[in-house]
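Peer 1: just the structure for this:
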Amino acid sequence: MNHLVIKIVLFYVLPRPTNLQLLINVKNQGGDVMQENITANVSEDTITLEFLRLDGVHVSQLVDFTNEVEAMRVVIPGEEELNQMGHQTLCFLTHAAQADFIAPDAMAKLRQKNPGTVRVAEEDKGWRQTTSTAWAGRATRLLSPAAARHCAAARDRVFLRAADLVRWAPRPGLEQSSYSSSVTPFPAHALALDEAEGAPGIRACVAETDAAKECQCHVEVCVNWYPCGLKYCKGKPQGGLSYRCGIKTCHRCYRYHFYVRRRDGCLSYT
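Peer 2: Predicted coordinates for the structure are as follows:
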């Protein structure tokens, strides 16, 4: 069978697993084979999925289940022929839809029956679009220490949506307003597109020709394979109880829109 099987562990016989790391061979939409590294950390209640795209972009997705924070980190190398030097690290915080991933304790019980198998997701969940409205600033640490560590290399390029701030529950000792006061909103005109359509806003970076002008950038990321649910099988007729017998796997793409003060700060505008 071309899926991962779950090994049920009796906690009173063996110690509770604290983390698990899986290296998965995955076929992308173009038919190329990539490797995904999935880590489940039960003690921190987090899952991290990372991979290197064929174009050199490194993607690392962290889900903090306790704090309901998802952090997508994208490292984009510059293209020398376009005079883009070095690389750019971006991080996008969103409220975690926990049903999208199985929980870390369930993930930590997964074992690969055939590690060399090339896997294809069973369900395509389509696109999820996010338009950031603020730089996250100190709110990253307030929302999730794990996400703050994950996004540390992005520095001032950590983005979120104001709409998500009201969805995160207040932490002990923090009021809801603490999150809002810790972020830096984008300029009001930065959220209006497009000058070409008569709006008093800014242009998309793909349409802006002046490298010194502000614009709205976007980044696209596709996660080709991830465990998105548990499968249950029926027991023998005399028992009648269901038991976990496998996982459901999904594919999802993300499109993140965000403001940059200069078009040359958007390495993905081409």
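Peer 1: and stretch 96-107, which residues are buried?
Peer 2: 96, 100-104, 106-107 (16 or more other Cβ atoms under 10 Å). Heads up, the C-betas are built off the backbone N, CA and C, glycines and all.
Peer 1: correct me, but residue 222 touches residue 30?
Peer 2: No: Residue 222 lies out of contact with residue 30 (Cβ atoms under 8 Å); the separation is 10.1 Å.
Peer 1: who has more neighbours out of those two?
Peer 2: Per other Cβ atoms under 10 Å, whichever of residue 222 and residue 30 has more neighbours is residue 222, with 14 against 8.
Peer 1: from residue 31, how far off is the more buried one?
Peer 2: Using Cβ to Cβ, to the nearest Å, residue 222 is found at 14 Å from residue 31.
Peer 1: over to residue 204?
Peer 2: Residue 204 is 30 Å from residue 31, by Cβ to Cβ.
Peer 1: the two - which one has more neighbours?
Peer 2: When residue 204 and residue 31 are compared for neighbours, residue 204 comes out ahead with 18 against 6, by other Cβ under 10 Å.
Peer 1: what about that one, distance to residue 167?
Peer 2: For residue 204, the distance to residue 167 (Cβ to Cβ) stands at 27 Å.
Peer 1: and for residue 210?
Peer 2: 37 Å.
Peer 1: please name the bridge partners of the closest residue to residue 96 other than its chain neighbours.
Peer 2: Computed as Cβ to Cβ, 6 or more residues apart in numbering, the closest residue to residue 96 that is not its neighbour in sequence is residue 70, at 4.2 Å. Beta-bridge partners for residue 70, by DSSP bridges, are residue 63, residue 94.
Peer 1: how many neighbours does the residue lying closest to residue 183 once chain neighbours are set aside have?
Peer 2: For residue 183, ignoring the flanking residues on the chain, the nearest one in space by Cβ to Cβ, 6+ apart is residue 134 at 4.3 Å. Residues near residue 134, counting by other Cβ under 10 Å, number 22.
Peer 1: returning to what we had before: show me the contacts for the residue nearest to residue 96.
Peer 2: Applying Cβ atoms under 8 Å, 6 or more residues apart in numbering to residue 70 gives the contacts 61-64, 93-97.
Peer 1: dihedrals phi and psi, residue 265?
Peer 2: With angles defined as degrees, to the nearest 10, residue 265 sits at phi -90, psi 0.
Peer 1: how much space separates it from residue 156?
Peer 2: 11 Å.
Peer 1: and what of residue 187?
Peer 2: 15 Å.
Peer 1: for residue 147, state which of the buried residues of stretch 96-107 is nearest.
Peer 2: The nearest member of those to residue 147, counting by Cβ to Cβ, is residue 96 at 9.9 Å.
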